[in-house]
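Asker: Show me the folded form of this:
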Amino acid sequence: MPERPIAKLKCMDLPLVSVGLPIALAIVMFGLGMSLTPADFRRVATMPKAVLIALGLQLIVLPAVAFGLVVAFDLPGILAVGVMLLAASPGGTTANLYSHLFRGDVALNISLTALNSVIAVVTLPIITNFAIWYFDAGEGTVGLQFDKVVTVFAIVLVPVALGMVVRRFRHKLAERADKPVRIFSILVLAIVAIGALISEWSVIQPYLADVGWVVSLFCILSLTIGYFASKAMRLGEAQAVATAMEIGIHNTTIALTIAISVLGSIVMAVPAAVYSIAMYIFATLFGFAISRVRRRARAPQ
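Answerer: All right, here's what the predicted structure looks like:
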């Protein structure tokens with residue numbers, strides 16, 4: 001791939017991005033918190049094998065797969081870091097919906113989403129800083145230093161905790177607010193992300209095709225590995241589906257926010273932006289495919 005002039009593009013001067021995107025993420029995580037209870041964390045102890053398998057795939061296998069893809073496709077450094085940042089992001093709450101639609105273990109998904117959101121505060125900076133160092137994509141102090149890790153912690157975990165407090169003491173309010181908060185957060189995120197991408201369209205457009213191939217393959221491999229690795233390790237069908245959806249559907253809002261608002265690179269956000277569309281397409285196709293295989297297996301011979 002020919003080298004392109006993309007290094008260290010900054011977009012922190014766009015108020016819509018620097019302010020709007022962290023707010024959107026905070027709202028998303030607040031909504032997640034309102035859907036969680038302490039029991040969702042305690043449930044982890046009741047299904048340790050499934051949780052350990054899913055976490056191993058999420059924290060070790062997926063970054064390794066992403067690394068192999070960006071090296072194989074020879075992506076430029078900033079884009080390679082963007083893919084690794086995407087791979088390090090935890091599963092999204094939409095995984096719960098997809099797991100429900102395709103008969104997965106939704107309780108496992110909820111617990112994994114809660115646990116992953118906490119663990120990612122530690123693992124995401126480690127993986128991202130490694131990628132910045134390896135692909136030589138940093139400039140001076142560019143990277144997730146301690147103060148930026150604190151920022152990530154604040155916009156990820158604090159809203160979750162607040163949401164859980166609201167659910168604990170105002171359960172009916174949390175239930176009534178759940179749908180409006182989800183809709184509002186999606187609208188804010190869409191406006192901010194689309195606005196940021198449009199503002200730099202001339203810069204990012206040449207890279208969409210290259211990134212599209214990489215993130216599409218990454219999504220397909222994530223879903224496939226999640227399902228078949230779980231089955232190979234003797235998890236039940238429902239847990240295999242839940243694992244596939246959990247590691248195949250990422251919280252791309254976190255990746256977008258860190259790339260644009262924390263690290264200040266719109267180009268680094270391109271993989272997450274493309275993945276946010278691709279994952280719904282491939283997760284749907286994958287869900288129908290495994291459902292069809294399941295029906296065939298149960299049909300009388």
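Asker: Quick one: the strands in the stretch 1-150 of the chain, in order.
Answerer: Assigned by DSSP state E, counting those that start in this stretch, the strands in the stretch 1-150 of the chain number zero.
Asker: for it, what are the low-confidence residue spans?
Answerer: Scanning the stretch 1-150 of the chain for pLDDT under 70 picks out the ranges 1-21, 40, 137-150.
Asker: And the stretch 151-300 of the chain, by the same measure?
Answerer: In the stretch 151-300 of the chain, residues with pLDDT under 70: 153, 178-179, 182, 185-186, 188-190, 192-204, 297-300.
Asker: try 90 this time
Answerer: The model of the stretch 151-300 of the chain has pLDDT under 90 over residues 151-212, 236, 238, 250-270, 272-274, 276-281, 290-300.
Asker: Please tell me how far Thr113 sits from Val44.
Answerer: Thr113 sits 11 Å away from Val44 when distances are taken as C-beta to C-beta, to the nearest Å. C-beta: built from backbone N, CA, C; applies to glycine.
Asker: ok, the two, which is more surrounded?
Answerer: Per other C-beta atoms under 10 Å, whichever of Thr113 and Val44 has more neighbours is Thr113, with 23 against 17.
Asker: The nearest residue to that one once chain neighbours are set aside: how many residues sit nearby?
Answerer: Closest residue to Thr113 apart from its sequence neighbours, by C-beta to C-beta, 6 or more residues apart in numbering: Gly91 at 5.3 Å. Gly91 has 27 neighbours, counted by other C-beta under 10 Å.
Asker: Go ahead and confirm Gly91 touches Ile110.
Answerer: No - in this structure Gly91 lies outside contact range of Ile110 using C-beta atoms under 8 Å: 10.3 Å.
Asker: Beta-bridge partners for the residue nearest to Thr113, please?
Answerer: Following DSSP bridges, Gly91 is listed with bridge partners His250.
Asker: and it, what does it touch?
Answerer: Applying C-beta atoms under 8 Å, 6 or more residues apart in numbering, we find Gly91 in contact with Gln58, Asn109, Leu112, Thr113, Asn116, Met245, Glu246, Ile247, Ile249, His250, Asn251.
Asker: If we go by neighbour counts, what in stretch 83-94 is buried?
Answerer: For stretch 83-94, burial by neighbour count (16 or more other C-beta atoms under 10 Å) applies to Val83, Met84, Leu85, Leu86, Ala87, Ala88, Ser89, Pro90, Gly91, Gly92, Thr93, Thr94.
Asker: just stretch 224-244 next, same as before
Answerer: For stretch 224-244, burial by neighbour count (16+ other C-beta under 10 Å) applies to 224-227, 229-231, 233, 235, 237-244.
Asker: chain center to that stretch: distance?
Answerer: Distance, stretch centre to chain centre, for stretch 224-244: 19 Å (C-alpha atoms, centre = their mean, to the nearest Å).
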